[in-house]
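S.K.: build me a model from this:
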Amino acid sequence: MPKNYVEVVGESYYFEYPETWFIDIILNIQAAKKDDAVLAKSGDYKNKLIKFLIAEGIPEKQLFYAGTGAYTPWWERSRKNKKGINVSHKVTIRTDSI
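M.R.: Residues are numbered from 1 along each chain as shown. The predicted structure follows:
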């Protein structure tokens, strides 16, 4: 009669370490009223964030600006008194090969 089991002959492990790390930082700014100054102020905050990251020791060559988004949420468009705007900036940190 055949035996119904699996015989373990050996054991192995496989490790794979990341070569590059990607870290996304998203800076969101919400304004109560829609105006052009929000975009300029949000750009100032983005620049302050980048200067802070460089001051904390992250090399400038590892920082990448990934874009800006500005929109008004649909639920606020229907209200007459509330027309806020949301602005977001994305900064990506990419490490060198380890």
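S.K.: look up the residues forming beta bridges with Asn28.
M.R.: Ser88 (DSSP bridges).
S.K.: quick one: the strands in this structure?
M.R.: 22-31, 63-71, 85-94 (DSSP state E).
S.K.: which strands or helices does the second one pack on?
M.R.: This means strand 63-71. Under the contact definition 3 or more C-beta pairs under 8 Å, 6 or more residues apart in numbering; DSSP states H and E, strand 63-71 sits against helix 37-55, strand 85-94. Any C-beta I mention is one placed from the backbone N, CA and C, and that applies to glycine too.
S.K.: what's the closest of those to Gly67?
M.R.: With C-beta to C-beta as the measure, strand 85-94 is the member of the helices and strands packed on strand 63-71 nearest Gly67 (5.5 Å).
S.K.: which residues sit against the closest one?
M.R.: Strand 85-94 is contacted by residues 20-31, 33-35, 38-39, 42-43, 45-46, 49-50, 53, 58, 62-73 when judged by C-beta atoms under 8 Å, 6 or more residues apart in numbering.
S.K.: buried among the residues you listed? Need that as a selection in ChimeraX.
M.R.: Only the buried entries of the contacts of strand 85-94 go into this ChimeraX selection, using 16 or more other C-beta atoms under 10 Å:
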select :27,29,31,38,42,46,50,53,63
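S.K.: wouldn't Ser97 be in contact with Pro18 here?
M.R.: No. Assessed by C-beta atoms under 8 Å, Ser97 is found out of contact with Pro18, at 9.7 Å.
S.K.: find residues that contact each of those two.
M.R.: Counting by C-beta under 8 Å, 6+ apart, Ser97 and Pro18 have no common neighbour.
S.K.: who has more neighbours, the two?
M.R.: Pro18 (9 against 6; other C-beta atoms under 10 Å).
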